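predicted model, plus sequence, below.
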Amino acid sequence: MPDFQPVLLANVGKPDSHTRRVYEQTGGYQALRKALGMQPKDVIEAVKASGLRGRGGAGFPTGLKWTFLPQNHPGPIYFCLNADESEPGTFNNRILMEDDPHQVIEGLIISCFATQARAAYYYMRCEYPLAFQRTSAAVAECYEAGYLGQNILGSGYSLDIYMHRGAGAYICGEETGLIESLEGKRAWPRIKPPFPAVEGAFRKPTVVNNVETAACVKQIIERGVDWFKSIGVPPDPSNPRDAGSYGPKLYCLSGHVNKPGCYEAPLGITCQQLIDEYGGGVWKGRKAKAVIPGGISMGLLKGDELHCPLDFNGPGKFGCLGLGTAAVVVMDDQTQMIDVLENSCRFFSHESCGQCTPCREGTSWATKMLTRIKHGKGRLKDLDLLAEIGDTIGIMPGTTICGLADGAAWPIKNCLQKFRPELEEYIKRTNPTGWMETKPVPALQLQTIH
Ligand SMILES: Cc1cc2nc3c(=O)[nH]c(=O)nc-3n(C[C@H](O)[C@H](O)[C@H](O)COP(=O)(O)O)c2cc1C
Ligand code: SF4
């Protein structure tokens, strides 16, 4: 990507990049002025035409989501900015909020103007103290400058932003869990429909968008639809459900690479390019055994699948769920897949809110089995049971309220499809006398393991 110029990260690393003074020196808040001179519906049309898809994980088209708000609603309409950033390995929102909070706020104000929201709730992960401090200070600077409050820049449009600290759970990032938490309740995801656009925060129409999505909105209004569509990849003709993957993307690269970090690249860069050209290759001269393409809930690529394009359509072609948050975690050839899978299942079991039986029981049962296997008491039959759990607890069979269970299932499914021989070898090696056992193993045996 020799001629690609980062825009989302352009200010990152500059002295005082988090202040309004520095932000305005590089044209900050000119996009807001431009948007306020447009009709709200024309801002929506521009975002729709750009093909922007939400950066929070699901990749839903942003402009289309905004059109789901009821027409001529008496209000109020609310906007929630999702800064919970709870997917493991994901930190692009944090970089934006710490180093360029005004870019996000400008995108948020434009998005609120487009949707005619009268209040925005900035829901931020509680583990981000610096981001919270800098964003709160930036919001205060916006009130001083007339970018927030009553009659913004004389346009007649008014908006308030309320900062809200997250409640510290993975499901706080799920949009309806976020709304419940915002309302002061436990962050239990809601059954949909109704979707938030119809009945969201405080039972009013609500838009929920991710921090990076808001930053993209600001760039689209400033640089234009054609600029945005000139980056990325068009729809895949062989997939009628693919809406294309346009624009720049922030990739979070971590794990066993020489230069982990947050990198901006065009959507569609391959996993191999990201690791080699941005991450300086796999560390210690080793090879990649597995790579998480977009947060662990998206599943796993094998080391020989690194030509996978990291766009919204790419990881699906390699048996994964999707691009997710584009948090790419590299595991070298000395990594044990049993450790990866046990770690992943333990995470999801801990984070399951427990409302849905398949998710609550499936994630905890899988974790118990994997802990037992890891400690040398596995049976080959356990792998079939795990595969059954992976195939049945997800949202696809329509058994759960939110996507957490589906996210828990994909690493299980991918691990068994792609790394089964290694898991079988591990079980036989660590349990030489019991690996062929077919009788049920009492759960109580777990207590003898620790
Ligand atoms: C279990 C779970 C956790 C999620 N966590 C986040 C999160 O931390 N941040 C986020 O933006 N979206 C998260 N999402 C996706 C949100 O529900 C929602 O789709 C997103 O905020 C919409 O914004 P976007 O359209 O700009 O991507 C999560 C979804 C699920 C199922
Ligand atoms: S799928 Fe899991 S996390 Fe989501 S609502 Fe159901 S029990 Fe809770």
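Nice, thanks for sending it over. Ligands and ions are numbered 1, 2, ... in the order given.

in the stretch 1-150 of the chain, which spans are strands?
Using DSSP state E, counting those that start in this stretch, the strands of the stretch 1-150 of the chain run over residues 78-83, 119-124.

mean confidence for the last one?
Spelled out, it's strand 119-124. The average pLDDT within strand 119-124 is 98.

got the angle for that strand vs strand 78-83?
Orientation check (axes from the mean of the first three to the mean of the last three CA atoms, to 10 degrees): strand 119-124 against strand 78-83 gives 20 degrees.

quickly list what Ile161 is bridged to.
Ala120 (DSSP bridges).

that one touches Val139, doesn't it?
Yes. Judged on CB atoms under 8 Å, Ile161 makes contact with Val139 at a distance of 5.2 Å. (Glycine included, C-beta is placed from N, CA and C.)

more neighbours, the two?
Neighbours per residue (other CB atoms under 10 Å) separate Ile161 from Val139, with Ile161 holding more: 24 against 21.

give me the pLDDT for the more buried one.
In this prediction, Ile161 has a pLDDT value of 98.

start the count at 127 instead of 1 going forward.
All set: I'll call the first residue 127, so the last point we hit is now Ile287.

show me the contacts for it.
231, 234, 245-248, 265, 268, 274 (CB atoms under 8 Å, 6 or more residues apart in numbering).

distance-wise, check Leu379 relative to ligand 2.
Noted for Leu379: a distance of 27 Å to ligand 2, by CB to the nearest ligand atom, to the nearest Å.

how about the contacts of Ile287 in a markdown table, adding distance to Lys375?
As requested, the contacts of Ile287 are arranged in a markdown table below (distance: CB to CB, whole Å):
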| residue | distance to Lys375 |
| --- | --- |
| Ile231 | 21 |
| Leu234 | 19 |
| Ala245 | 29 |
| Ala246 | 24 |
| Tyr247 | 25 |
| Tyr248 | 22 |
| Val265 | 26 |
| Cys268 | 26 |
| Leu274 | 28 |
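
which of those residues lies closest to Gly350?
Nearest to Gly350 out of the contacts of Ile287 is Leu234 (CB to CB; 19.9 Å).

so for Pro196, what's the nearest residue that isn't a sequence neighbour?
Distances taken as CB to CB, 6 or more residues apart in numbering put Pro331 closest to Pro196, at 5.8 Å, once the chain neighbours are dropped.

show me the contacts for that neighbour.
Pro331 neighbours (CB under 8 Å, 6+ apart): 195-196, 199, 203-204, 322-325.

and whichever residue of the stretch 227-376 of the chain sits closest to ligand 1, how far from Asn557?
Closest residue of the stretch 227-376 of the chain to ligand 1, CB to the nearest ligand atom: Gly299 (2.3 Å). Gly299 sits 38 Å away from Asn557, going by CB to CB, to the nearest Å.

equivalent analysis for Ile464, please.
12 Å.

could you pull out the helices in the stretch 177-326 of the chain for me?
188-193, 218-225, 227-241, 255-271, 301-308 (DSSP state H, counting those that start in this stretch).

if we can go back for a sec, could I get the contacts of Pro331 as TSV with neighbour count and pLDDT?
What follows is the contacts of Pro331, written out as TSV (neighbours: other CB atoms under 10 Å; pLDDT from 0 to 100):
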residue	neighbour count	pLDDT
Leu195	19	97
Pro196	11	96
His199	12	90
Ile203	21	98
Tyr204	24	98
Pro322	24	98
Ala323	19	97
Val324	16	97
Glu325	18	97
